[in-house]
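Visitor: coordinates only, sequence not included:
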């Protein structure tokens, strides 16, 4: 089994270790997004537009999108 | 009036042909039984809290007392001090109090090993379910059932559980013992046929494998009416309809109560109507929100005990343990030594920002360790080349986010040199770092994800997750106390 999986943040590929979570994908992609999510300034959504938690697990090919909470 | 009287039996028969079923569901609570601030949900008003959830459940149940099911899709226990310190007992006690009907076993249910899971299942007044956990003889653990049959308003309902097959890879072998997790798609069709022969008219799957996998399963396996999901922490605010299967999930951490209301044809079990909007209700826990007094007492009982547990002495230091974010610190050395000892790696790295307090000399309590290492960081060990380690040390030498604390190596840094050439000398053990050699390195999951711009950690090979760093630090202190760590020249910064 591969050490790493590829997930997508805002359609950009991010390589993370298998077993890592949503928060790790954000840290890996852009740490400021993780910090913004912690502060509630953005929410993280899956490809169906449902919010996912920062501790949610990821699988190969998972897609995440960031959305500003100011738009709500 | 007389006409109504004449038609009343017919109306009654029609009404009886349709059953109102309410499914109340939660998942991935991860021990969050206390209210907390979750800024993405509400910036000021606390959310979550078992006492508030219990009140919402009792109100919903009152609306349909004979036709309500209370279900959990797993990962209920591991994740907060109040639950972790008692190995999930507060959560089970609360679920018993709320009269849960069933829960599936999530992958994190195995975090404390099989014996703890067995104890929790025995303490529960509802079944633990998983149809795809088996030993090498295809036998399930006797304390986990594949399914349970329940009757609501005369409708016979089969409730299955499944656990993500990722548990095979993500949970340490010692934790899952002789068990493995089969592909749900291969297990469920035969099981569903069997329960239908037993008279089940309605099939619910408690599925701990994530929303996308649930949707795939709904497409591939016939005969499931509702999938109550967990694992991906997805707040499915509008139920997803795949063919004739409804898929729901209620976020995580006790933030939401899922409420799925169904009208079901008694004879065929077919869903005639279902909740299409507002499938999730926020569990708001501000001062004006209602809570259940019985549940509050259970939470308080354990909360009070936490103070006693936190005051327990778990070690001793003969010197003050002092942070120094831009220099080697004795407490950084101690934390890294504990990380190295826990994993057997040659080198350990910990970011100074993850070490949050000083500890004065004397006895060390559990509370002090939780203040010192408040983040739930996991160990992760990997193979890195000497060249990658040099890149990591160069990033540390920028002093942008404080220095990396280390164990297993010594480094000399000259901050007068330009970035990228500040690391002057590195030794691992007694030998100079070899850029071409591979070293086993352990760090925390934040750095391993490339946090604080330590990108080279993302390039490791043979990566393996370990335990919580805090737990390993506690073990180390218990074993080695009294400790006397001194700044010993692991990191020398010139000029």
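Guide: Ah, there it is. Here the structure is a predicted model, which is why all the values come from computation and not from measurement. Numbers count the residues shown, from 1 in each chain, chains lettered A, B, ... in the order given.

Visitor: which non-adjacent residue is nearest whichever residue of chain B sits closest to chain A?
Guide: As assessed by C-beta to the nearest C-beta, chain A sits closest to residue B:39 within chain B, at 2.6 Å. Bear in mind the C-beta positions are built from the backbone N, C-alpha and C, glycine included. Nearest in space to residue B:39, with sequence neighbours left out and distances taken as C-beta to C-beta, 6 or more residues apart in numbering or on different chains, is residue A:40 at 2.6 Å.

Visitor: Which residues of chain A lie near chain B?
Guide: Selection of chain A residues close to chain B by C-beta under 8 Å from any C-beta of the partner chain yields A:1, A:3-4, A:15-20, A:22-25, A:27-28, A:31, A:37-40, A:43, A:46, A:48, A:50-53, A:55-57, A:59, A:62, A:69.

Visitor: Quote the end-to-end distance of stretch B:29-49.
Guide: Across stretch B:29-49, the terminal residues are separated by 10 Å (C-alpha to C-alpha, to the nearest Å).

Visitor: repeat for stretch B:341-358
Guide: Its start and end residues considered, stretch B:341-358 measures 22 Å (C-alpha to C-alpha).

Visitor: Please spell out which residues along that stretch are buried.
Guide: B:341-343, B:345-352, B:354-355 (16 or more other C-beta atoms under 10 Å in any protein chain shown).

Visitor: hmm, back to that, are any of the residues of chain A next to chain B buried, and which?
Guide: Buried among those (16+ other C-beta under 10 Å): A:3-4, A:16-20, A:22-25, A:27-28, A:31, A:37, A:43, A:46, A:50-53, A:55-57, A:59, A:62, A:69.

Visitor: so the residue nearest to residue B:39 is in which element?
Guide: Assigned by DSSP states H and E, residue A:40 belongs to no helix or strand.

Visitor: per-residue pLDDT, it?
Guide: Residue A:40 is assigned 92 on the pLDDT scale.

Visitor: Pull up the residues of the stretch 1-150 of chain B that are close to chain A.
Guide: Going by C-beta under 8 Å from any C-beta, the residues of the stretch 1-150 of chain B near chain A are B:28, B:30, B:38, B:39, B:40, B:41, B:43, B:79.

Visitor: Where does pLDDT dip in the chain?
Guide: Unless you meant another one, I'm taking chain A. In the predicted model of chain A, residues A:1, A:71-72 satisfy pLDDT under 70.

Visitor: Can you look at chain B instead?
Guide: B:1-15, B:173.

Visitor: at 50 what do you get?
Guide: B:1-5, B:7, B:9, B:13 (pLDDT under 50).

Visitor: counting residues per helix, which one in it is longest?
Guide: Secondary structure assigned by DSSP state H gives helix B:293-310 as the longest helix of chain B.

Visitor: which helices and strands does it pack with?
Guide: Secondary-structure packing of helix B:293-310 (3 or more C-beta pairs under 8 Å, 6 or more residues apart in numbering or on different chains; DSSP states H and E): helix B:50-63, helix B:81-84, helix B:89-97, helix B:366-372.

Visitor: Identify each buried residue in it, please.
Guide: B:295, B:296, B:298, B:299, B:302, B:306, B:310.

Visitor: could you dump the residues you listed to JSON lines with distance to residue B:114?
Guide: Converted to JSON lines, the buried residues of helix B:293-310 look like this (distance: C-beta to C-beta, whole Å):
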{"residue": "B:295", "distance to residue B:114": "29"}
{"residue": "B:296", "distance to residue B:114": "32"}
{"residue": "B:298", "distance to residue B:114": "26"}
{"residue": "B:299", "distance to residue B:114": "27"}
{"residue": "B:302", "distance to residue B:114": "24"}
{"residue": "B:306", "distance to residue B:114": "26"}
{"residue": "B:310", "distance to residue B:114": "28"}
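
Visitor: ok, so of these, who is nearest residue B:494?
Guide: Distance to residue B:494 across these (C-beta to C-beta) is lowest for residue B:310, with 41.6 Å.

Visitor: ok, the closest residue in space to that closest one that isn't next to it in sequence to residue B:66 distance?
Guide: Spatially, and ignoring its direct neighbours in sequence, residue B:310 is nearest to residue B:367 (3.8 Å; C-beta to C-beta, 6+ apart). The spacing between residue B:367 and residue B:66, counted by C-beta to C-beta, to the nearest Å, is 47 Å.

Visitor: Looking at the two now, which is surrounded by more residues?
Guide: Taking neighbours as other C-beta atoms under 10 Å in any protein chain shown, residue B:367 and residue B:66 compare with residue B:367 leading, 16 against 12.

Visitor: on that earlier part again, got a winner among the residues of the stretch 1-150 of chain B next to chain A for most neighbours?
Guide: Within the residues of the stretch 1-150 of chain B next to chain A, residue B:28 tops the neighbour count with 31 neighbours, counted by other C-beta under 10 Å.

Visitor: List the buried residues of the helix or strand harbouring residue B:121.
Guide: Assessed by DSSP H and E, residue B:121 sits inside helix B:114-123. For helix B:114-123, the neighbour count (16+ other C-beta under 10 Å) marks B:114, B:116, B:117, B:119, B:120, B:121 as buried.

Visitor: What is it packed up against?
Guide: Using 3+ C-beta pairs under 8 Å, 6+ apart: helix B:114-123 touches helix B:89-97, strand B:128-129.

Visitor: Now these in a markdown table, please, with extra columns for mean neighbour count.
Guide: Listed next are these as a markdown table, based on neighbours: other C-beta atoms under 10 Å in any protein chain shown:
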| stretch | mean neighbour count |
| --- | --- |
| helix B:89-97 | 22 |
| strand B:128-129 | 26 |
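
Visitor: mind giving me a markdown table with those and columns for distance to residue B:468?
Guide: Formatted as a markdown table, the helices and strands packed on helix B:114-123 follow (distance: least, C-beta to C-beta, whole Å):
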| stretch | distance to residue B:468 |
| --- | --- |
| helix B:89-97 | 18 |
| strand B:128-129 | 24 |
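
Visitor: Of those, give the one that comes closest to residue B:256.
Guide: Of the helices and strands packed on helix B:114-123, nearest to residue B:256 by C-beta to C-beta is helix B:89-97, at 16.3 Å.

Visitor: List of residues touching the closest one?
Guide: Helix B:89-97 is contacted from outside by B:29, B:31, B:33, B:50, B:54, B:72, B:76-77, B:82-83, B:103, B:120, B:123-126, B:294-295, B:298-299, B:302, using C-beta atoms under 8 Å, 6 or more residues apart in numbering or on different chains.

Visitor: what does stretch B:320-338 give?
Guide: B:319, B:348-350, B:352-353, B:355-361, B:372-373, B:399, B:402-403, B:405-408, B:469, B:472-473, B:475-477, B:483, B:485-493.

Visitor: cutoff 6 Å now
Guide: B:348, B:350, B:352, B:355, B:358-361, B:399, B:402-403, B:405-407, B:472-473, B:476, B:485-487, B:490-491 (C-beta atoms under 6 Å, 6 or more residues apart in numbering or on different chains).

Visitor: Give the other helices and strands that the strand or helix carrying residue B:216 contacts.
Guide: If you go by DSSP H and E, residue B:216 is part of helix B:211-220. When contacts are defined as 3 or more C-beta pairs under 6 Å, 6 or more residues apart in numbering or on different chains; DSSP states H and E, helix B:211-220 packs onto strand B:226-230, strand B:240-242, strand B:245-249.
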